[in-house]
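**Student:** Build me a model:
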Amino acid sequence: MFGFGKKKKSKENTGSTLPANATFTVIPEVFYGGADPVIHYASVSPQRTTHRSRFTDPKFFLAAGGALFIILLLAAAVWYLAPARFGFTDTATPPPVSAPPSRPPSVSEPKTPVSIPLDITTTTKQPETPDDPPAASTGVQPERLGEWPRLNLLDSSDIDEDELTDKEEEIFATDSGSSDTDLDGYYDGLEVINLYNPKGSTPVKIIDSGTVREYVNARWQYRIYYPSAWQSAMVDANEDQVIFSAPGGDFVEVRALPKPSGQPFDSWFAETINGQRFGDLAKHANRFEVQGFERKDHLVAYYPADIVVFAVLYHPQSPGPVDFRRVMIMMTNSFRLGRITSEVPPQIPLPAEGTTTTENE
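**Tutor:** Numbers count the residues shown, from 1 in each chain. Next comes the predicted model:
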């Protein structure tokens, strides 16, 4: 039986007998009829598609990691050994204290603060001459008497805020825990600077309280109050310079400075006083109506007369806050001039040490 489109197999064309399980490749149809085939080449060669990249090779990563580790190890060794080998210094580590040979040996020792005074002439002490006045018996050094006190607006502790420092409360025997010790409606500091006793229930003059004395200058005849707990002393035999010293070392100085008769105070000030500004002064009239000039911090006051100017100066022991500013104001408010003429008063003999005159108003 013949199938449609199939050729009959001829025994003559077989040539040989093939096994039943033999396979063969059929020629593609494009080769039939003598046609040339169209060969389609793949974009990637079959050989390259099977090639493995070096970056995906585990051996490459092992070798690269080992090389990087060795490089880091060498860099760490160089960084660690370079300062000691080549003399480099780590800036984050401070050098030893003894390293710089030029370091002063006393740099670590604290020094006591030293105030810079405003001198009337110069801050350098001149060699002593026979005309220099003798030192006071209170232990104050002569060179300190030539200083003008620094401008200072700070007060020391005042617990009850009554305008008296705690140390001034001790001087006037007032209650440091009460701003009005006598309960008269006036705080203690206000009564002191107005020359009233802060402990008196009725108006009592401070000179009658026993906490204040009056000094009378024998040559110039001026008068001034000062605390009874303080010491007064003459610096020179003529009492041109007198100091009133607190136990802690602060002191108030009254100095008689010569002035040509008839010369205005501002002209005298410009010619005589160095290191001070006239603009820091204000006209001042004290409780006895004595006209003068007072510095704004109340530590310096001037009372001009015909042939002399009396300078009242507060000298603190240290440059810190002031302990006795209200004492100073009390003293300047009590200053009174004596009978001064155009003639210089005669010199007086030196009285016995510690002699003072106390006199009530």
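**Student:** Helices of the stretch 201-350 of the chain, start to end?
**Tutor:** For the stretch 201-350 of the chain, applying DSSP state H, counting those that start in this stretch gives helices covering 265-272, 325-334.
**Student:** Tell me which of those lies nearest to residue 308.
**Tutor:** Nearest to residue 308 among these is helix 265-272 (10.3 Å), distances taken as CB to CB. All C-beta spots, glycine's among them, are computed from the backbone N, C-alpha and C.
**Student:** and that closest one, what does it pack onto?
**Tutor:** If contacts are counted by 3 or more CB pairs under 8 Å, 6 or more residues apart in numbering; DSSP states H and E, helix 265-272 sits against strand 300-304.
**Student:** packing partners for the strand it packs on?
**Tutor:** helix 265-272, strand 291-295, strand 308-315.
**Student:** Among those, which comes closest to residue 206?
**Tutor:** strand 308-315 (17.4 Å).
**Student:** Each with direction, which strands does the closest one pair with?
**Tutor:** strand 251-258 (antiparallel), strand 300-304 (antiparallel) (DSSP bridges).
**Student:** which residues of the stretch 51-200 of the chain score low on pLDDT?
**Tutor:** 51-57, 78-147 (pLDDT under 70).
**Student:** mind running it again at 90?
**Tutor:** Under the criterion pLDDT under 90, the flagged ranges of the stretch 51-200 of the chain are 51-150, 184, 200.
**Student:** right, and the helices of the stretch 201-350 of the chain - which one's nearest residue 239?
**Tutor:** helix 325-334 (16.4 Å).
**Student:** Nearest to residue 307, out of the helices of the stretch 201-350 of the chain?
**Tutor:** Closest among these, once you apply CB to CB, is helix 265-272, at 10.8 Å.
**Student:** quick one: average confidence on the closest one?
**Tutor:** Mean pLDDT, helix 265-272: 94.
**Student:** outside of it, which residues touch it?
**Tutor:** 120, 257, 259-260, 276, 278, 281, 293, 302, 304, 309 (CB atoms under 8 Å, 6 or more residues apart in numbering).
**Student:** picking up where we left off before, and residue 332, which of the strands paired with strand 308-315 is closest to it?
**Tutor:** Among these, if distance is taken as CB to CB, the winner is strand 300-304, at 4.5 Å.
**Student:** I'd like the strands paired with strand 308-315 written out as TSV, with mean pLDDT, distance to residue 200 and mean neighbour count added.
**Tutor:** Formatted as TSV, these follow (pLDDT from 0 to 100; distance: least, CB to CB, whole Å; neighbours: other CB atoms under 10 Å):
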stretch	mean pLDDT	distance to residue 200	mean neighbour count
strand 251-258	96	24	20
strand 300-304	97	26	23
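**Student:** Export those as JSON lines, with columns for distance to residue 335.
**Tutor:** Formatted as JSON lines, the strands paired with strand 308-315 follow (distance: least, CB to CB, whole Å):
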{"stretch": "strand 251-258", "distance to residue 335": "8"}
{"stretch": "strand 300-304", "distance to residue 335": "6"}
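**Student:** returning to that earlier point: which of the helices of the stretch 201-350 of the chain is buried the deepest?
**Tutor:** helix 325-334 (a mean of 24; mean count of other CB atoms under 10 Å).
**Student:** between that one and strand 291-295, how many degrees?
**Tutor:** 160 degrees (axes from the mean of the first three to the mean of the last three CA atoms, to 10 degrees).
**Student:** which residues touch helix 325-334?
**Tutor:** 155, 163-165, 168, 171, 189, 192-195, 206, 212, 214, 223-227, 244, 252, 284, 286-288, 292, 294, 297-299, 301, 312, 314.
**Student:** next one: stretch 159-177
**Tutor:** 155-158, 178-181, 187-190, 192-193, 198-199, 209, 211, 227, 229, 248, 322-327.
**Student:** Apply 7 Å and report the result again.
**Tutor:** 155-158, 178-179, 181, 187-190, 192, 198-199, 211, 227, 229, 323-324, 326-327 (CB atoms under 7 Å, 6 or more residues apart in numbering).
**Student:** Quick check on these: which are buried?
**Tutor:** 155, 158, 179, 181, 187-190, 192, 198-199, 211, 227, 323-324, 326-327 (16 or more other CB atoms under 10 Å).
**Student:** now, which of the residues you listed lie within strands?
**Tutor:** residue 227 (DSSP state E).
**Student:** can you pull out the strands in the stretch 101-250 of the chain?
**Tutor:** 118-119, 147-148, 212-216, 223-227, 231-234, 241-245 (DSSP state E, counting those that start in this stretch).
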